[in-house]
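# Give me coordinates for this.
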Amino acid sequence: MAITLPKEFSLKHKLILFAVATLLAAWVAWFFVFQPQRLRLAELDSQYRSEKRQVDAIEAHVLAHPDATKHMAELDAQRRIVDRMLPESPGVSDFLVLVEKAARASGVQLLNVKPAAQVNKNNYQETPLDILVRGDFFQTVGFLKQLEDAPRFNSVTTMTMNMKPGGGLETKLQVVIYSVKK
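So this is what the prediction gives:
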């Protein structure tokens, strides 16, 4: 079955055929040339914006810290502070020294300190301590402030205060000290 075309098309048919061929060529050009280029340009623009944000962050950091050796020394000092706050070993004895100094500085009487079992967490360890002190309210608050300002990271989880006959306030604290798990 062969398709035969008339030998001569009328002007109207030639114009329709030309219009259809032009539309088909435009659609093919759009689909196979312009659309992939547009998608590639959008991808490159996204990559450019991402890298530009990174460069801007680096430039801002360099402008904020022009002396790299001084900045590294500051970072090392901060790292040493963090290492003291969260040591790699529980260091209960070192913390007990801090507790004793805080008790002396605040004027409370340190009655009892009892460490509990160490609890392992994901990346750190908790060591609970039961601490019993005697003093007036303001001395106890001073003791708590001393613990809060201690160079070792700790958390008071529970606190119970009881008035004792004959004066004085007895405070039982459960304090948790933290250390980084190796």
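# For the chain, which segments are assigned as helices?
11-29, 35-64, 68-85, 92-106, 137-148 (DSSP state H).
# among the ones you listed, which is nearest residue 167?
Evaluated with C-beta to C-beta, the helices of the chain place helix 137-148 nearest to residue 167, the distance being 11.7 Å. In short, each C-beta sits where N, CA and C put it, glycine included.
# Can you check what angle separates the closest one from helix 92-106?
If you take axes from the mean of the first three to the mean of the last three C-alpha atoms, to 10 degrees, helix 137-148 sits at 140 degrees to helix 92-106.
# can you redo the helices of the chain as a markdown table with mean pLDDT and distance to residue 157?
Below are these laid out as a markdown table (pLDDT from 0 to 100; distance: least, C-beta to C-beta, whole Å):
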| stretch | mean pLDDT | distance to residue 157 |
| --- | --- | --- |
| helix 11-29 | 87 | 72 |
| helix 35-64 | 92 | 39 |
| helix 68-85 | 82 | 18 |
| helix 92-106 | 89 | 15 |
| helix 137-148 | 92 | 12 |
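# Reformat these as CSV; add mean neighbour count and distance to residue 169.
As requested, the helices of the chain are exported to CSV (neighbours: other C-beta atoms under 10 Å; distance: least, C-beta to C-beta, whole Å):
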stretch, mean neighbour count, distance to residue 169
helix 11-29, 10, 88
helix 35-64, 10, 49
helix 68-85, 11, 29
helix 92-106, 16, 13
helix 137-148, 17, 6
